[in-house]
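# Below are the sequence and a predicted model for it; my questions follow.
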Amino acid sequence: MIQSAIDALFIVLDPARLGYMFLGISIGIVVGLLPGLSGTVGMALLLPFVFGLDPYIGMALLIGMIAVIHTGDTFPSILLGIPGTSGSQATIMDGFPLAQRGQASRAMGAAFFCSMVGGVIGGIALFLTIPIAEPLITSFSSPELFMLTMLGLSMAGMLAGKSVFKGVMAGLLGLLIGSVGSAPAVPEYRYTFDTLYLTQGISLPVVAIAIFAFPIIITMLTDRTTVSKTGELQNGVLRGIKDSIKNKFLVIRSAVVGVLIGFIPGLGGSVVDWLAYGFGKKTVKNNHFGEGDIRGVIAPESANNAKEGGSLVPTLLFGIPGSGTTAILLGGLTLMGLQAGPQMITSDLDITLSIVWTLVLANVFGAALCIILIKPISKLSLIPGEKIVPFLLVLLVIGAYQSTMSWGDLVIFVIIGLLGYVMTVLDWPRPPLLIGFVLAMSAERYYWISIERYGWDWISNPLVIVLALLIVGLLSGGAIMKKFSKQVETKGGN
Amino acid sequence: MNKSLANILFTAFIFILFTAAAFEALTFSRLAQFFPLYISIAGSVLALIYLIKIIIEHIKETSPEERYEQLQILKPFRYIVWVLAYLLLIYVFGMLIATTVFLFVFLIWESKMKILPSILSVAVMLVLITYLSAAINIAWPTSLLGF
Amino acid sequence: MKKIITMIAIIIFCGGLMALSPITKGSSSDTDEKGEESGHDLLKFTVPFEAGGGTDIYGRFMTPYFSEHTPNNPKVQVENIPGGASITGTNHYANSVAPDGANLLTSSASSHVPFMLEQSSVDYDLTEFKPIIGSPSGGVVYTTPENAEKIHNGIGDMESTLFHAGISPTGLDLSTLLSYEVLGMDVKAVLGYEGRGPSRVAFEQGESNIDFQTTTAYNNNVQPMIENGKAVPLYSLGQIDEKGELVRDPQFPDIPTVKEVYMEQYGEEPSGEAWEAYTQLINASYTMNKVIWVHKDAPQEEIDKLQASAETIAQDSEFKEASLKILEGYDVYTGDDLQQRINNAFNISDENKAWIQNYLYENYEVDITKL
């Protein structure tokens, strides 16, 4: 395997293929950077060009793009408080407060460094899990997947902020919004008010940008301020990188969470940043997550890049896409004459290994490129609200429209946006709503399948019990877990 | 309006929303019903309890500092109207015209920018979105006039 | 300030956008070589799914061949209109797209079956479209070795429960569920899985013990399980020939069809309402799995041109070779043969329709006329 890995490296380093990888990287960064354009959009626009390409070149292009989307999407999350894609929502929680204090560069330095490390860990994880993928994936049947969605939902409770009432209600509201559209157990449409638009459910990118971007836009206009309240920019890229190194165990822990969540098909990768953030919040001592703690940036950023490596395992080996992006990747594979399946680690092993290398290299180059861009781009946080908002609005409208290319997207954008604004003003936490929304479908699906298939017998599955204990542990304060967390990390942060 | 009152109104709205969703869920078939019904009943009960709690707090004025925190109404409303107006323009005239008009008027009126810089930045933005649409097939919202 | 805005905007976009230019140009280079002949310069395939799915890949796979074989070598573009499990896009094509012969529709079983069963959200009439080219797909039902043995010993004597992991009773699962009905197998269908991939994993986990996969997925993912002794093929769903008879699937010449298994079990040919409903559905959802259509009221010479190009595509050896690898490897149908098959597939008697609607309602609590 090592020998083939080295051979694959030389395949990837072929100048023509490297060129396509850089092309993929630049597209990935632009797509990540523009709010509303997600990996799905990026893949959809590359798909017409991969038809008939040599698979190595095509994969260099596609994987190059996928690898860095969650690197580029950090810019708007930290600088503007608007998620670049739905995978970088949790970065806002602490990244944006840091930018308001003029520490955008530090936050971004840490974020990009962690993205890189996380991405590389994801690539290595992909490489290492190839031989043991099958038993791992088949050990998660529906009851276990249901417990995992419950674990995700309990994270919503953890991010509820001061008022538990508000948090739980926001989570329930998210679950309700998520149940719009087709029911999993029976082909029946719910809450569609006889519109065809709503039959496919409300799309995540619209909800994610509406609920964060809309309030920010209005607040920036009413307050007439710049993002950086201090009106100055501190230079802190190196400090950010040092912060990350100081918190190396948090980086690795979060990356592992990212890989695992990406790895498990059916959960959808969109909650991975929240999960990592929640775990970080529970396991880091003396933290002030939510008020501008650098470790609140490090945790989700390490996880969201690592996720991509993990999610390629079920995609390539089982043909089960974990997200819209990997779904299109499967289509791209077909167009290049490849099929997902066990042969990806036998007869097509060299392609799989070239994907691993592309993932690792693209993450390194992507992060380096972003670090170079920090200086010019972070000036955005010095521009007064009323001068930047109209331009942002144009981009957001275009971005929101890309979800299904229907006016329904824009109507939902306004409705959810207004809801988000009121919630912001009245201190209702928004993360639980998003988590509820993302997990609604899986929660219902796996609950239904578990009951229908096993009755209540599944409650006694060993893995179900382990997950249940984990949930109880997390909800009951996590005081025990904190004891185990490394002493080093208490000195991190500021 | 003060914050505490606004919170009561919003919670009441959430309560109505959950309750309506619960009633709507009753019309679904058995298999489609259980999930939204559980959720909306739980939400509706919680919202009611919370509503009663904050109304009592409001009457007792237990937290005077929050009670007197006034919320801006007009200002946010004005900007929400701006957003809606922009969308309406797109709907009627299409992306290019709407964006030109909206950006230009907003920059002059709200941002108090000079004419020349405004024209320049609008032009840059237009080139940008045209490029997005032409080069990488980013679709624009459709309009009544068809472009 | 605005200088900063513009500066930043330019810096950000330069890299990515510049990079994109070459590939977009590359794709359009083969378009306007000769614009003299009459005809469209641009053909548009409406695909009622998101990019990347099976139907989308089918449409995209066809684009270069249509470009090559149609007079005037038009540029061919795919337009995705997702939503409503393909109903939204198909409705859109029927009602809002100009019937000028330059706009085509790529449809799949997800549009065919709801039309056949008169789902209420369907606002299109497939008989108003002219089929240009059509491709079949196939399916194989497989189970665990123990259950396969029990089934061969006699379905009537089976005691253990069979679990089928499926997506939705109105999708492709319906044909398989009806095949159980025909054979009199007692199978508990657990529906609600996200896709065929997850349902296959459910089989590997033991969460289900009978499953089916379509041709490509079967060859890639089930074949290895069979080689490892973890699965045994039971029967193929079969194909409908031009006379309306169920025959062996050309991709699976060695696997018996439902019909043969029935004859082995019961010693007579299958018949009755369930059997008629089954063959009807196999025709509409497998034999006519993917079809590219054009509006019937498009100019006749455009329709002729498209049909002629479909004929030459079907003969193109390069196309045949590529379709082996990328499509499921079946021969495509064109011309009168295709029209005849389409007529058979969608010509369903009122009794059969009512029987299927009732079957769905009784067994799966689905009232399809209300969807």
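Everything's here; your move.
# Next, count neighbours for residue 109.
As the question left the chain open, I've gone with chain A. 26 (other CB atoms under 10 Å in any protein chain shown). In short, each C-beta sits where N, CA and C put it, glycine included.
# oops, I was thinking of chain C
24.
# That one against residue C:286, yeah?
Yes. Using CB atoms under 8 Å, residue C:109 is in contact with residue C:286, at 7.3 Å.
# Least confident secondary structure element in chain B?
helix B:64-67 (a mean of 54; mean pLDDT, DSSP states H and E).
# Quick check: next helix or strand after that one?
Using DSSP states H and E, the helix or strand that directly follows helix B:64-67 along the chain is helix B:74-93.
# same question for that next one, mean pLDDT?
The pLDDT scores in helix B:74-93 average 91.
# does that helix come close to chain A?
Yes. Helix B:74-93 comes into contact with chain A (CB under 8 Å from any CB of the partner chain), by way of B:75, B:76, B:79, B:80, B:82, B:83, B:84, B:86, B:87, B:90, B:91.
# Out of the residues you listed, flag the one nearest to chain C.
residue B:91 (16.6 Å; CB to the nearest CB).
# Spit out the contact partners of the closest one.
By CB atoms under 8 Å, 6 or more residues apart in numbering or on different chains, the contact set of residue B:91 is A:407, B:141, B:143, B:144.
# For residue C:60, see how far away it is.
31 Å (CB to CB, to the nearest Å).
# One more: residue A:167?
Using CB to CB, residue A:167 is found at 45 Å from residue C:60.
# just residue C:53 next, same as before
From residue C:53 to residue C:60 the distance is 10 Å (CB to CB).
# Neighbour count for these two, which is higher?
residue C:60 (26 against 22).
# On the three-state scheme, the closest residue to that one other than its chain neighbours is what?
The shortest distance from residue C:60 to any non-neighbouring residue, by CB to CB, 6 or more residues apart in numbering or on different chains, is to residue C:78 (5.4 Å). Following DSSP: H, G, I helix; E, B strand; the rest coil, we place residue C:78 in the strand state.
# Residue C:78 pairs with what?
residue C:45 (DSSP bridges).
# Enumerate every residue touching it.
If you count contacts by CB under 8 Å, 6+ apart, residue C:78 has them with A:48, C:44, C:45, C:47, C:51, C:56, C:59, C:60, C:63, C:106.
# and if you look at residue A:239?
Residue A:239 neighbours (CB under 8 Å, 6+ apart): A:106, A:109.
# any idea which helix or strand carries it?
Going by DSSP H and E, residue A:239 is part of helix A:237-246.
# pull the longest helix from the chain.
Answering for chain A, as no chain was given. helix A:349-377 (DSSP state H).
# oops, I was thinking of chain B
helix B:30-60.
# on that earlier part again, immediately after the helix holding residue A:239, which helix or strand?
As assigned by DSSP H and E, the chain's next helix or strand after helix A:237-246 is helix A:248-263.
# number of nearby residues for the residue in the stretch 51-200 of chain C that chain A sits nearest to?
Here the residue of the stretch 51-200 of chain C nearest chain A is residue C:52; by CB to the nearest CB that distance is 3.3 Å. As a burial measure, residue C:52 scores 26 neighbours (other CB under 10 Å).
# before we move on, what about residue A:242?
Neighbour tally, residue A:242, other CB under 10 Å: 16.
# per-residue confidence at it?
On the pLDDT scale, residue A:242 gets 91.
# if I look at it, how far off is residue A:294?
10 Å.
# Kindly report the same for residue A:280.
11 Å.
# just residue A:350 next, same as before
Separation of residue A:350 from residue A:294 (CB to CB) stands at 40 Å.
# tell me the contacts of residue A:170?
A:156, A:160, A:423, A:428, A:429, A:430, A:432, A:433, A:436.
# rerun at 7 Å
A:428, A:429, A:430, A:432, A:433 (CB atoms under 7 Å, 6 or more residues apart in numbering or on different chains).
# Flag every residue of chain B that's near chain C.
Contact residues (CB under 7 Å from any CB of the partner chain) of chain B with chain C: B:29, B:30, B:31, B:113, B:117, B:120, B:121, B:124, B:128, B:131, B:135, B:136.
# Out of those, who's the most crowded?
Of the residues of chain B next to chain C, with other CB under 10 Å as the count, residue B:121 tops at 24 neighbours.
# Now name the helix or strand holding it.
Per DSSP H and E: helix B:115-136 holds residue B:121.
# Give me the helices and strands touching that helix, please.
helix A:385-401, helix B:95-109, helix C:2-28 (3 or more CB pairs under 7 Å, 6 or more residues apart in numbering or on different chains; DSSP states H and E).
# how many degrees apart are it and helix B:95-109 in direction?
150 degrees (axes from the mean of the first three to the mean of the last three CA atoms, to 10 degrees).
# ok now helix B:115-136, how far from the chain's centre?
26 Å (CA atoms, centre = their mean, to the nearest Å).
# just stretch C:132-148 next, same as before
The answer for stretch C:132-148 is 13 Å, by CA atoms, centre = their mean.
# got the buried residues for that stretch?
Within stretch C:132-148, the residues that count as buried by 16 or more other CB atoms under 10 Å in any protein chain shown are C:132-144, C:147-148.
# pLDDT wise, what is the nearest residue to residue A:200 once chain neighbours are set aside at?
Distance criterion CB to CB, 6+ apart; nearest residue to residue A:200, sequence neighbours excluded, is residue C:83 at 4.6 Å. For residue C:83, the model assigns a pLDDT of 75.
# Would you map out the domains in chain B?
Annotated domains of chain B cover B:3-67, B:74-136 [automatic domain parsing].
# between these, which gets nearest to residue C:195?
Closest approach to residue C:195 among the domains of chain B (CB to CB): domain B:3-67, 19.2 Å.
# tell me the secondary structure for the nearest residue to residue C:345 once chain neighbours are set aside?
In space, and not counting its chain neighbours, residue C:345 is closest to residue C:283: 4.1 Å by CB to CB, 6+ apart. Look at residue C:283: counting by three-state DSSP, its state is helix.
# burial count for the nearest residue to residue C:154 once chain neighbours are set aside?
Distances taken as CB to CB, 6+ apart place residue C:265 nearest to residue C:154, at 7.1 Å, with adjacent residues excluded. By the criterion of other CB under 10 Å, residue C:265 has 17 neighbours.
# neighbour count winner among residue A:280 and residue A:294?
Shown here are residue A:280 and residue A:294; by other CB under 10 Å, residue A:280 has more neighbours (29 against 25).
# My understanding was that the more buried one contacts residue A:301; is that so?
No. Applying CB atoms under 7 Å, one finds residue A:280 not in contact with residue A:301, separated by 10.7 Å.
# and residue A:44, what does it touch?
A:328, C:51.
# Let me see the confidence value for it.
Reading off the model, residue A:44 has pLDDT 80.
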